[in-house]
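Asker: Provided below are the primary sequence and the corresponding predicted coordinates.
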Amino acid sequence: MSDLVSLLGEYRQGYGLPRSFYLNESIYHTEMDAIWRSGWLFAGHSVEAPNPGDYFVYDIEPDSIIIARAKSGILVATHNVCRHRGSRIMSEPAGHALRFVCPYHQWTYAPDGKLMTCRGMPDDLDKTVWSLKPVALREVEGLVFICLAEDPPDFEPAFQLMRLMARPQGFSRARVAYAAEYQVPANWKIVWENNRECYHCDANHPQYIKANFDRFDAGELDEQIQKRIDAATLRSQSRWAQAGLVITHSQAGLFHFPDARENIWYSANRTALVDGYMSETMDGHQIAPLMGSYSDPDVGTLRLRTLPNFWCHASCDHAVTTRLTPAGLHQTNVRVTWLVDEKARVGRDYSLDELLPFWKLTSEQDWEICGNVQRGILSRVYTPGPLSPKKEYNVISFLDWYIQLMKSSAEMAVSNGSV
Amino acid sequence: MSDLVSLLGEYRQGYGLPRSFYLNESIYHTEMDAIWRSGWLFAGHSVEAPNPGDYFVYDIEPDSIIIARAKSGILVATHNVCRHRGSRIMSEPAGHALRFVCPYHQWTYAPDGKLMTCRGMPDDLDKTVWSLKPVALREVEGLVFICLAEDPPDFEPAFQLMRLMARPQGFSRARVAYAAEYQVPANWKIVWENNRECYHCDANHPQYIKANFDRFDAGELDEQIQKRIDAATLRSQSRWAQAGLVITHSQAGLFHFPDARENIWYSANRTALVDGYMSETMDGHQIAPLMGSYSDPDVGTLRLRTLPNFWCHASCDHAVTTRLTPAGLHQTNVRVTWLVDEKARVGRDYSLDELLPFWKLTSEQDWEICGNVQRGILSRVYTPGPLSPKKEYNVISFLDWYIQLMKSSAEMAVSNGSV
Amino acid sequence: MSDLVSLLGEYRQGYGLPRSFYLNESIYHTEMDAIWRSGWLFAGHSVEAPNPGDYFVYDIEPDSIIIARAKSGILVATHNVCRHRGSRIMSEPAGHALRFVCPYHQWTYAPDGKLMTCRGMPDDLDKTVWSLKPVALREVEGLVFICLAEDPPDFEPAFQLMRLMARPQGFSRARVAYAAEYQVPANWKIVWENNRECYHCDANHPQYIKANFDRFDAGELDEQIQKRIDAATLRSQSRWAQAGLVITHSQAGLFHFPDARENIWYSANRTALVDGYMSETMDGHQIAPLMGSYSDPDVGTLRLRTLPNFWCHASCDHAVTTRLTPAGLHQTNVRVTWLVDEKARVGRDYSLDELLPFWKLTSEQDWEICGNVQRGILSRVYTPGPLSPKKEYNVISFLDWYIQLMKSSAEMAVSNGSV
């Protein structure tokens, strides 16, 4: 831990992180405890388990979490580990079962984790003691978050913001049209550093930049472009203010996020798309029925993010969520999920050929970048370079946020005498 | 080592082992020394090397052992490492050679390990010093055991018991009909814990439970079942007492094994099969000629076990041996070998289609279970659950045995001052 | 480091290295620093980057080095790591580019590493500070060597020797006809130990021994053989003395190399081939046009070596270079490159079927041997065996050289107080 303190001292604001933060196993373990097993993680969509007994599994090494719809209708998260001999209970990534039966000795649990039967055990065994171990869960407008900490941090501010901003999108009346799983050969922080700037967009994201203004940062806007953003913003205000659809991010560049000082690990904003783009699709056309409460395609895009593992880009007709999961120092597993309105039918109302390419290409372009950075940072001679205040302000914010969490953890360890 | 002492103190009889015993590299190394390289290991069958120069290789990471029939006719075990530059000598898993020639510089050894020639070396080199390094070997009724310790423990009690019980099976007059190799993704202790109870049989082993009574434990037997066991036992006593074929295990449930207090790491018993089962085959029929000295198929099954790596189920017409070899904390390599009488010919006297399925299915059902347990135990939240005294008494015995060996090792380390 | 000192003390001249030298991660890290990142490494051939903007990449874990022809025409080596966010810049193993553009944010470097543009960064950024990190490079007669040390050792003696001996071969007027990449499952020292003796040739290299005398060591030569060597030597002296093509190694056995006392890590010699062999090819025939300044095929073979990663066998018509790169304790990556005269055209002047087999077979025979040794040395019971003074004198020299470098490193660490 004293190593960590001295390492943290090497961070210099405005530059990348020192190389050790991407190489050091003990840093990784500290991150897993101080960030991944302390904060709220996006797990999936409530529509992935619509009925009692429906469940899906979220594996976050070395844990496996079952998110299940209890008989009462609420979603519950439990550890996928039998209390008897430790066997995994559910081996499929998703399914339906009103009784969760351990395949080993048939200890049987309710979807909410309560031990129902355990034949062969002494009659006086107190079954209430041997429920599946619980995991904190919060649902907001169809987005499911879990927290692996025993004492989860306050979810309320994130809940309030997302409830307001996400409601029109109708995540809880959506269907999953497609999901892609990636094993990105890069540390999870490299993935976020990539996500937090559009400095790299011009050369790497030919599809994305056609639809979005955010590659232009303050000072780079010609009058023409700001006029276009203003026009879209004005349109938004005049038509949907009453529906809560106001464009909230009308400046140039990226929405500022995160904020270390205020401990802002969640954000939501609505942003104008380039004229002619009704949706983040290859040619800007709407390609599926409107989602949620939208009555007009011209709603810009809704963007949500929560640290450490979630972001979402949602257009009028579809939404794309991205879930990160670290798999060791040098790999991040990513699940990208495309949602459409629950009533939309593939073949009739939309086609995957039109739905997927925009974010599939954009995502995969980023994963390749991240792999290149990982390989470079492994070089002995890598030293942090200067970040552009004009283009990489959110990378700086992300690193500040990260360093602050790690510092708190180190200080807590010191004050607990565990050093 | 003080870590080990404190870990050992966490074991609570009647519960599973604490998670660290499946995760901790230093535990694994201690196990390898205190158990795997101290005790006797089943290596294979003497009929796998019937003639002088015949050999087979048993790899137990990081060692490789040659078991060879010397010119004198006895079996000898040596390390498969040339004394000159360290090259592996025999690279095939089995074969025949009267001269073991290192492929690198042709140093040549006799099958018993003696250095015969080493051209190119000084004439005054003392060849007697450079034999292949020896490994202790004992053979009992065609079963070959080795010990990697310099000072092996007493084999005599195991020898006497197995000589008596295994003789009628005729392992030394058998032939290997088939062998299957598995890489089970689980710690070796998980494989034994699975082996030491039939609590899991009902749901997992549909073939096995049709042939065997041992899924019924004391208190679960209706009168009908005990009557059937008694009938089989009586039949046995009246017909084969004089041939040493007496059914030795006439109670319900599993034979009690191992025994930590008496340091019983070996066992042998004969057990009745369900009426109508003459052999552990899919439909209970005898499917190959009688083995050994059997003159009637109605002999129940012979069961042998030695810790840490061997068990055997033998019917009147075939025998199946299982050999475990740890391959790191999270993997166990398993070789399952089917034997028939040496005079039996495939196609004429038996078919693999009839011989293999019973134990192939039963084995693979267990390997899948073991993988599930391994994954579950890796979860951070895994804590040992309660074992059923009625159904898992032998799991408790196994854990007691294991803990006792590890404790002895820790105490020896303390008294040697190597802490 | 005190561990290293005590390990070094276990080395006994005339025997192999203790097992730890092949197993111990900290030994490996010391080797990487004290040998691989201190000495000169063969990287490739100048003809692999003939024109300004041509480059090739040499990866030596965890580093990646670009060797590029600058606009000035000289070869320059730089680290393949962008100074901004650390991304790999060049992802192809070789190519051509007059501007090295980082794929992430398009920071752009000249082939010599100078930062040319970095759009998006503050205007006052001092570009001279952010060049690609440089790597020392020396070229001798078309052979390219790099050194990863900040303060490289003297290359001059190696330069002078190789300039003299390699010039007639015409490496700088050659073309790469073929390159093979191998992942040899053995520690890099095992590969060198194999290279430094021909004791193993008789049984393992049926092609090689037909062409070469060096399997015969002093005391093993009958008069006949020495006469043949003498005849070849005399021929050489009478015909090519003035061209610097004198056979320099006219004794039996291998040229003595390396020399720990004199710190000789480089060597070059010309050696007679067996009568009837004009080239190291399957039947001894010349199979491509003469290289360099040769005017007659009867030139024996030129042999070059530099520790820790290079050797070369060159005949009148082709040259074969071997480059080693450690990839962890248990693997060595090897690139074998075949060169012919720059004017030779495949299909017209030579065929790969005739060019490749001799050294492809001989190399692959060695890689298999090395894998066998690696596996054997991993055995717990491996202990160093005696080396033959008559046949393995150069293995002893190699080990002496190795131990001396490691000792210097350990002493330096002690005197720096870094222990």
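Answerer: Cool, the structure landed.
Asker: and the contacts of the strand or helix carrying residue A:189?
Answerer: Element membership for residue A:189 (DSSP states H and E) is helix A:188-195. Outside helix A:188-195, the residues that touch it by Cβ atoms under 8 Å, 6 or more residues apart in numbering or on different chains are A:16-17, A:21-22, A:184, A:200, A:307-309, A:311, A:324, A:326, A:332, A:334, A:366, A:369-370, A:373-374, A:377, A:395, A:398-399, A:402, C:85. Every C-beta, even on glycine, is put in place using the N, C-alpha and C of the backbone.
Asker: mind doing that once more with 6 Å?
Answerer: The contact list for helix A:188-195 (Cβ atoms under 6 Å, 6 or more residues apart in numbering or on different chains) reads A:324, A:326, A:332, A:366, A:369, A:370, A:373, A:374, A:395, A:398.
Asker: from these, which is closest to chain C?
Answerer: residue A:373 (4.7 Å; Cβ to the nearest Cβ).
Asker: surely the closest one is in a helix?
Answerer: Yes - counting by DSSP: H, G, I helix; E, B strand; the rest coil, residue A:373 is located in a helix.
Asker: pull up the per-residue confidence for it.
Answerer: Residue A:373 is assigned a predicted lDDT (pLDDT) of 98.
Asker: quick check, it in contact with residue C:87.
Answerer: Yes - if you go by Cβ atoms under 6 Å, residue A:373 and residue C:87 touch, sitting 4.7 Å apart.
Asker: give me the beta-bridge partners of the nearest residue to residue A:257 once chain neighbours are set aside?
Answerer: Counting by Cβ to Cβ, 6 or more residues apart in numbering or on different chains, residue A:267 is the residue found nearest to residue A:257 once chain neighbours are left out, at 4.3 Å. Here residue A:267 sits in beta bridges with residue A:305, as judged by DSSP bridges.
Asker: tell me, how many residues neighbour residue A:267?
Answerer: Neighbourhood size, residue A:267 [other Cβ atoms under 10 Å in any protein chain shown]: 22.
Asker: give me the pLDDT for it.
Answerer: 95.
Asker: also the one 5 residues further on?
Answerer: At residue A:272 the predicted local confidence, pLDDT, stands at 87.
Asker: go ahead and confirm it touches residue A:232.
Answerer: Yes - with contact defined as Cβ under 6 Å, residue A:272 counts as touching residue A:232 (3.3 Å).
Asker: so between those two, which is more surrounded?
Answerer: residue A:272 (25 against 21).
Asker: in contact with that one, which residues?
Answerer: A:229, A:232, A:233, A:247, A:300.
Asker: in the stretch 151-300 of chain A, where is pLDDT below threshold?
Answerer: By pLDDT under 70, the weakly predicted segments of the stretch 151-300 of chain A are A:218-219, A:221, A:242-244.
Asker: how about the closest residue to chain C within the stretch 1-150 of chain A: what's its closest non-neighbour residue?
Answerer: Closest residue of the stretch 1-150 of chain A to chain C, Cβ to the nearest Cβ: residue A:16 (6.1 Å). Distances taken as Cβ to Cβ, 6+ apart place residue A:384 nearest to residue A:16, at 3.7 Å, with adjacent residues excluded.
Asker: so the one you found sits in a helix?
Answerer: No - with three-state DSSP as the criterion, residue A:384 is located in coil rather than a helix.
Asker: can you count the residues close to it?
Answerer: Counted with other Cβ under 10 Å, residue A:384 comes out at 21.
Asker: how about the one 3 residues further on?
Answerer: Residue neighbour count, defined by other Cβ under 10 Å, stands at 23 for residue A:387.
Asker: looking at it now. What's its pLDDT?
Answerer: 98.
Asker: go on, the one 3 residues further on?
Answerer: Confidence per residue is given as pLDDT, and for residue A:390 that number is 93.
Asker: leaving out sequence neighbours, find the closest residue to the residue nearest the centre of chain A.
Answerer: Geometric centre of chain A, nearest residue: residue A:310, 1.0 Å, by Cα atoms, centre = their mean. If the residues on either side of it in the chain are set aside, residue A:310 comes closest to residue A:42, at 3.5 Å by Cβ to Cβ, 6+ apart.
Asker: cool, thanks, talk later.
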